[in-house]
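Engineer: Sharing a model that was predicted from the sequence below.
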Amino acid sequence: QLQLVESGGGLVQPGGSLRLSCAASGFTLVDYTIAWFRQAPGKEREGVSCITGRGGSTTYADSVKGRFTIAGDNAKNTVYLQMNSLKPEDTAVYYCAVQYGSGTDCYITAMWNYEYWGQGTQVTVSS
């Protein structure tokens with residue numbers, strides 16, 4: 001059974017850091033493209049970052065460039081999202097999702113292409 005489990009969310013002060021994890025089971029991430037999305041209260045879900053499982057090509061939303069880093073650990077079948085310099089506007093439920101196939105690039109604009117989703121983890125940035 002294919003499953004994605006996010007962890008690592010929590011409450012952090014502005015300027016702080018968190019590392020989210022997305023652990024996969026039932027399939028091998030190297031064959032997929034993996035993305036992080038987030039949804040804040042009252043807002044639409046938006047793409048944050050993605051990484052190709054085989055080549056490690058990455059994409060970031062403009063709002064997180066220079067602050068967030070996505071990385072994969074194929075040995076652990078896990079993808080991480082390191083979030084630094086967090087801002088209150090980063091507050092949201094963060095989801096990881098995958099789509100089969102690992103091409104040259106990845107995209108976070110077409111979330112409907114992502115076939116499997118985790119349950120989400122809450123990130124709250126507040127003083």
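Structural biologist: Great, that's in hand.

Engineer: Just want the most central residue of the protein.
Structural biologist: Nearest residue to the geometric centre of the chain (C-alpha atoms, centre = their mean): residue 36, 2.3 Å.

Engineer: quick one, what contacts that one?
Structural biologist: 20, 22, 47-50, 70, 79, 81, 94-97 (C-beta atoms under 8 Å, 6 or more residues apart in numbering). Using the backbone N, CA and C atoms, a C-beta is placed for each residue, glycine as well.

Engineer: Check residue 19 too.
Structural biologist: 8, 80, 81, 82, 83.

Engineer: Kindly report the same for residue 72.
Structural biologist: 29, 34, 51, 53, 56, 78, 79, 80.

Engineer: Correct me if wrong, but residue 4 is in a strand.
Structural biologist: Yes: judged by DSSP: H, G, I helix; E, B strand; the rest coil, residue 4 forms part of a strand.

Engineer: and it, bridged to which residues?
Structural biologist: residue 24 (DSSP bridges).

Engineer: ok, and the most crowded of the contacts of residue 36?
Structural biologist: residue 96 (30 neighbours; other C-beta atoms under 10 Å).

Engineer: May I ask which helix or strand encompasses it?
Structural biologist: strand 92-100 (DSSP states H and E).
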